[in-house]
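Asker: Sequence plus predicted model, see below.
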Amino acid sequence: MRRAQIKNRRATNNRDEALHTAVVGLQWGDEGKGKIVDLLTADHDVIVRYNGGANAGHTMVVGDQRYAVHLIPAGILYPDKVCVIGNGVVVDPQKLIEEIEALRGRGVEVGDNLRVSDRAHVVMPYHKEHDAALENVLSKAVSGSEKSVDLSIGTTRRGIGPAYADKVQRSTAIRMGELLDGERLRAKLRVICAIRQRELEALGVQAAPLNADALASQHAAIGRRLAGHITDTVYLLHDYLEQDRRILFEGANACLLDIDHGTYPYVTSSNCSTLGIPAGTGVPGTHIHRVLGIMKAYSTRVGAGPFPTEQVNAIGDRIRERGHEYGTTTGRPRRCGWLDLVAVRYSAMVCGATGLACMLLDVLSGIDELKICTQYRLPDGSVTDRFIPDAVRLGEVQPIYTTLPGWSEEIDEATDRTALPANARRYLERIEQIVGIPVEIVSVGPERTQTLLEV
Ligand code: GDP
Ligand code: IMO
Ligand code: MG
């Protein structure tokens with residue numbers, strides 16, 4: 001590359017500082033990413049999903065209207081913005097069509113403003129069957145010593161793991177672009193279905209044989225239906241970068257569910273941390289200078305896996321009921337507990353968070369004393385402030401808490417941070433101190449306007 005071009009590229013990088021933003025969950029999901037993406041969309045031009053699939057459920061509330069999206073970026077409510085489903089997403093195309101129709105049915109424009117990567121992988125019906133069958137088998141697995149061990153993860157059964165497994169396996173995978181070539185799809189599915197049939201039978205699935213030709217026709221029809229949305233989103237995003245259009249990257253799932261950096265094996269199958277952005281979109285990480293880490297004012301988790309601050313008691317129940325902590329995708333009750341700042345600080349580090357959004361602070365109103373976990377005690381009695389992204393070892397720690405006084409006032413009508421009760425402000429300040437980055441946004445209710453932006 002010639003010298004002038006190199007200079008030019010550097011200038012671009014300086015110019016786009018803080019133009020582009022990433023929104024990422026710092027806990028185990030459902031932190032309120034949808035609300036913040038919806039809010040920040042106003043200041044961006046392009047909103048991009050880079051990971052996960054229909055396991056995500058992102059909620060936006062505008063006035064008395066509540067929307068939940070699973071595959072489509074949460075920026076879709078703004079008709080003049082472009083929403084992109086990047087190559088790192090696994091797309092259940094039938095669900096995508098249903099989501100498009102449901103939004104259109106409510107007057108939301110979904111047309112040229114939705115672009116889907118031709119390289120995003122397809123979640124096929126047999127992936128969902130495989131996901132559910134494997135979970136069933138693993139939930140009653142018997143080890144060599146005849147002792148039953150439950151190895152299930154509590155997945156959303158949306159076929160996420162099997163679809164990503166096919167992606168890595170390669171020859172048995174199908175990408176969105178391939179839905180546009182019916183003949184090749186049919187030939188490929190005949191081979192794949194023969195293999196899948198045997199695998200499903202081995203997992204005890206008694207269902208009717210997979211019909212490759214029917215599946216191919218159905219998916220070719222889906223391809224025709226979605227053809228107008230499917231494109232090379234890598235070049236598309238780089239064209240937008242050249243035009244100085246502002247990009248908002250929308251993380252699905254959350255850092256502690258990241259396949260490499262989460263509480264393995266109780267994680268999902270993608271890089272949900274910001275580290276997944278370059279691979280999942282084709283946009284180098286050097287473009288992203290603002291990373292907003294989304295955290296609840298407490299902790300929740302859906303599915304199995306270690307959760308050191310979990311409260312299986314009246315406090316956990318209270319948080320669940322006040323916070324309506326039931327899954328957006330599966331309706332499952334979420335496990336609830338105190339805020340774990342060892343975990344949040346770790347996620348903020350891995351994701352390179354430059355600021356925090358503290359969500360659902362209103363849910364804590366009326367609790368006399370609030371606990372924040374700042375360290376873990378290990379089985380040998382030693383103390384650490386480092387997170388342990390390993391399920392077995394994390395399951396053995398005891399949380400060490402700092403106790404803070406609560407506040408009794410309802411805060412859902414507060415309009416700026418200075419109007420919050422003194423103890424609520426202290427709670428936020430303690431988070432900033434321990435995590436070491438500012439709380440830029442405080443959320444006191446699900447509605448778009450119930451957001452305190454001033455710091
Ligand atoms: P996401 O997956 O991170 O987008 O989060 P979900 O949409 O799955 O779950 C967050 C839930 O909390 C949704 O029902 C939101 O409407 C709701 N919510 C978001 N922020 C607040 C808040 O500040 N207060 C309350 N009470 N609810 C909130
Ligand atoms: P959003 O984007 C909460 C969890 C599942 C399960 C594990 C693996 O709404 O925050 P999977 O179906 O991905 O194989 O399940 O990951 N999980 C989530 N939990 N919010 C999510 O997404 C999640 N996506 C996956 O409950 O424990
Ligand atoms: Mg969710």
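Answerer: Great, that's in hand. Ligands and ions are numbered 1, 2, ... in the order given.
Asker: Show the contacting residues for the residue in the stretch 201-350 of the chain that ligand 3 sits nearest to.
Answerer: Closest approach between the stretch 201-350 of the chain and ligand 3, counting by C-beta to the ion: Thr328, at 4.3 Å. Bear in mind the C-beta positions are built from the backbone N, C-alpha and C, glycine included. Contact analysis of Thr328 by C-beta atoms under 8 Å, 6 or more residues apart in numbering lists 30, 57-59, 68.
Asker: With adjacent residues omitted, what lies nearest to it?
Answerer: Gly57 (2.9 Å; C-beta to C-beta, 6 or more residues apart in numbering).
Asker: Could you pull up phi and psi at the nearest residue to Val62 once chain neighbours are set aside?
Answerer: Nearest residue to Val62, sequence neighbours excluded (C-beta to C-beta, 6+ apart): Arg448, at 5.2 Å. Arg448 adopts backbone torsions of phi -50, psi -40, taken as degrees, to the nearest 10.
Asker: Could you do Leu356 as well?
Answerer: phi -120, psi 150.
Asker: With Gly182 instead?
Answerer: Here Gly182 shows phi and psi, under degrees, to the nearest 10, equal to phi -60, psi -40.
Asker: For it, give its distance to Gly75.
Answerer: Here the distance between Gly182 and Gly75 works out to 32 Å (C-beta to C-beta, to the nearest Å).
Asker: the more surrounded of these two?
Answerer: More crowded of Gly182 and Gly75, by other C-beta atoms under 10 Å: Gly75, with 27 against 16.
Asker: so who does the closest residue to that one other than its chain neighbours touch?
Answerer: Once flanking residues are discounted, Gly75 sits nearest to Ile47: 3.1 Å by C-beta to C-beta, 6+ apart. For Ile47, the contact set (C-beta under 8 Å, 6+ apart) comprises 37, 41, 73-76, 81-84, 247-248, 250.
Asker: Of those residues, which belong to helices?
Answerer: 37, 41 (DSSP state H).
Asker: Could you export the contacts of Ile47 as CSV, including distance to Leu292 and pLDDT?
Answerer: Shown next, in CSV, are the contacts of Ile47 (distance: C-beta to C-beta, whole Å; pLDDT from 0 to 100):
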residue, distance to Leu292, pLDDT
Val37, 9, 98
Thr41, 13, 98
Pro73, 15, 98
Ala74, 13, 98
Gly75, 14, 98
Ile76, 19, 98
Lys81, 17, 98
Val82, 20, 98
Cys83, 18, 98
Val84, 19, 99
Ile247, 14, 98
Leu248, 10, 98
Glu250, 11, 98
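Asker: Is the closest residue to Asp166 other than its chain neighbours in a helix, a strand, or coil?
Answerer: In this structure, Asp166 finds its nearest non-sequential neighbour in Ala173, 4.1 Å apart by C-beta to C-beta, 6+ apart. Assigned by DSSP: H, G, I helix; E, B strand; the rest coil, the conformation of Ala173 is coil.
Asker: Just grab the bridge partners of whichever residue of the stretch 351-455 of the chain sits closest to ligand 3 for me.
Answerer: Using C-beta to the ion, the single residue of the stretch 351-455 of the chain nearest to ligand 3 is Met359, 11.5 Å away. When assigned by DSSP bridges, Met359 has beta-bridge partners Lys296.
Asker: re earlier: can you tell me how far the residue nearest to Asp166 sits from ligand 3?
Answerer: The gap separating Ala173 from ligand 3 is 26 Å, by C-beta to the ion, to the nearest Å.
Asker: Quick check: that residue touching Lys167?
Answerer: Yes. Using C-beta atoms under 8 Å, Ala173 makes contact with Lys167 at a distance of 5.0 Å.
Asker: Show me whatever sits in contact with both of those two.
Answerer: The contact lists of Ala173 and Lys167 share His121, where a contact means C-beta under 8 Å, 6+ apart.
Asker: now check stretch 271-280, is it near ligand 3?
Answerer: No. Using C-beta under 5 Å from the ion, stretch 271-280 stays clear of ligand 3, with a minimum separation of 11.7 Å.
Asker: what comes into contact with that stretch?
Answerer: By C-beta under 8 Å, 6+ apart, stretch 271-280 touches 22, 24-25, 50-52, 86-89, 249, 251-255, 257-262, 270, 283-285, 288, 291, 347, 350-352.
Asker: Of those residues, which count as buried by neighbour count?
Answerer: Neighbour-count burial (16 or more other C-beta atoms under 10 Å) is assigned, among the contacts of stretch 271-280, to 22, 24-25, 50-52, 86-89, 249, 251-255, 257-259, 261-262, 270, 283, 288, 291, 347, 350-352.
Asker: And the residue of the stretch 301-450 of the chain closest to ligand 2?
Answerer: Gly303 (2.2 Å; C-beta to the nearest ligand atom).
Asker: And the residue nearest to Gly75, which helix or strand is it part of?
Answerer: Using DSSP states H and E, the element containing Ile47 is strand 46-49.
Asker: Partner strands of that strand, with direction?
Answerer: With DSSP bridges as the test, strand 46-49 is paired with strand 82-85 (parallel), strand 247-250 (parallel).
Asker: what's downstream of that strand, the next helix or strand?
Answerer: strand 58-62.
Asker: So which bits of the helix or strand that comes right after that following strand are buried?
Answerer: Note on strand 58-62: by DSSP H and E, the next helix or strand toward the C-terminus is strand 65-69. The neighbour-count check on strand 65-69 (16+ other C-beta under 10 Å) flags 67-69 as buried.
Asker: Stretch 270-285 now?
Answerer: Using 16+ other C-beta under 10 Å as the test for burial, stretch 270-285 gives 270-283.
Asker: most neighbours, which of the contacts of Ile47?
Answerer: Going by other C-beta under 10 Å, Glu250 tops the contacts of Ile47 with 31 neighbours.
Asker: Run through the residues that contact it.
Answerer: 23, 33, 37, 47-50, 58, 73-75.
Asker: any chance of these in JSON lines, with distance to ligand 2 too?
Answerer: Shown next, in JSON lines, are the contacts of Glu250 (distance: C-beta to the nearest ligand atom, whole Å):
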{"residue": "Val23", "distance to ligand 2": "11"}
{"residue": "Lys33", "distance to ligand 2": "6"}
{"residue": "Val37", "distance to ligand 2": "10"}
{"residue": "Ile47", "distance to ligand 2": "14"}
{"residue": "Val48", "distance to ligand 2": "14"}
{"residue": "Arg49", "distance to ligand 2": "10"}
{"residue": "Tyr50", "distance to ligand 2": "12"}
{"residue": "His58", "distance to ligand 2": "6"}
{"residue": "Pro73", "distance to ligand 2": "12"}
{"residue": "Ala74", "distance to ligand 2": "10"}
{"residue": "Gly75", "distance to ligand 2": "15"}
